[in-house]
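S.K.: The amino acid sequence is not available; the structure is as follows:
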């Protein structure tokens, strides 16, 4: 991948990676950090990454980065007794996407992989096959995660007429 091809990929895919990060963690700065980390790793591995798989590679790196941050925050929370996530950033994502409080709360309760698959399918519109490639899952795993996410969301929102 040449420098020009890389710069074209940054222009083309940065919005996708940033939205994925925002939906995954709700923190704009952390999502931007994940995007930067993903593109830095893409540049380092530009010779090994096929351009067809580039977006999937970026989303996988961003997801790993965000999971690592989440784990770090949980440890910091236990050690220091304070929440490391920025609730104002979560609120801004909810406002931007027009999510009700109940829906946003339900999304936060989903396991990380279910939330990622649900976001890629329902918010970004990717096919099951594309999601499987991006997250390095089998097609049946994508179907199971998505089904479980829908069931969990339905259960959490059941009886709530505001959503």
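M.R.: Cool, the structure landed. As the structure is a prediction and not an experimental result, all values here were calculated from the model. Residues are numbered from 1 along each chain as shown.
S.K.: Quick check: the closest residue to residue 20 other than its chain neighbours vs residue 4, distance?
M.R.: What sits nearest to residue 20 in space, not counting adjacent residues and going by CB to CB, 6 or more residues apart in numbering, is residue 59, at 5.6 Å. The C-beta positions use only the backbone N, C-alpha and C, and glycine is treated the same way. Counting by CB to CB, to the nearest Å, the gap from residue 59 to residue 4 is 23 Å.
S.K.: of the two, who's got more company?
M.R.: residue 59 (27 against 8; other CB atoms under 10 Å).
S.K.: any idea which helix or strand carries the more buried one?
M.R.: Element membership for residue 59 (DSSP states H and E) is helix 54-80.
S.K.: Pull out the buried residues from that helix.
M.R.: For helix 54-80, a neighbour-count test (16 or more other CB atoms under 10 Å) marks 54-63, 65-67, 69-70, 73 as buried.
S.K.: Next, count neighbours for residue 120.
M.R.: 24.
S.K.: so it touches residue 129, yeah?
M.R.: No: using CB atoms under 8 Å, residue 120 makes no contact with residue 129, being 11.5 Å away.
S.K.: returning to what we had before: residues in contact with the residue nearest to residue 20?
M.R.: 16, 17, 20, 38, 120, 134, 135 (CB atoms under 8 Å, 6 or more residues apart in numbering).
S.K.: could you redo those as TSV and give each row distance to residue 143, pLDDT and secondary structure?
M.R.: Output for those, formatted as TSV (distance: CB to CB, whole Å; pLDDT from 0 to 100; DSSP: H, G, I helix; E, B strand; the rest coil):
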residue	distance to residue 143	pLDDT	secondary structure
16	22	83	helix
17	24	83	helix
20	20	80	helix
38	26	87	helix
120	13	80	helix
134	15	78	helix
135	13	80	helix
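S.K.: Widest-spaced pair of the residues you listed?
M.R.: By the measure CB to CB, 38 and 120 form the most distant pair in those, at 14.8 Å.
S.K.: And the lowest mean pLDDT element among the helices and strands of this structure?
M.R.: In the chain, no helix or strand scores lower on mean pLDDT, DSSP states H and E than helix 87-97, which sits at a mean of 49.
S.K.: Can you give me the domain boundaries for the protein?
M.R.: 1-98, 99-163 (automatic domain parsing).
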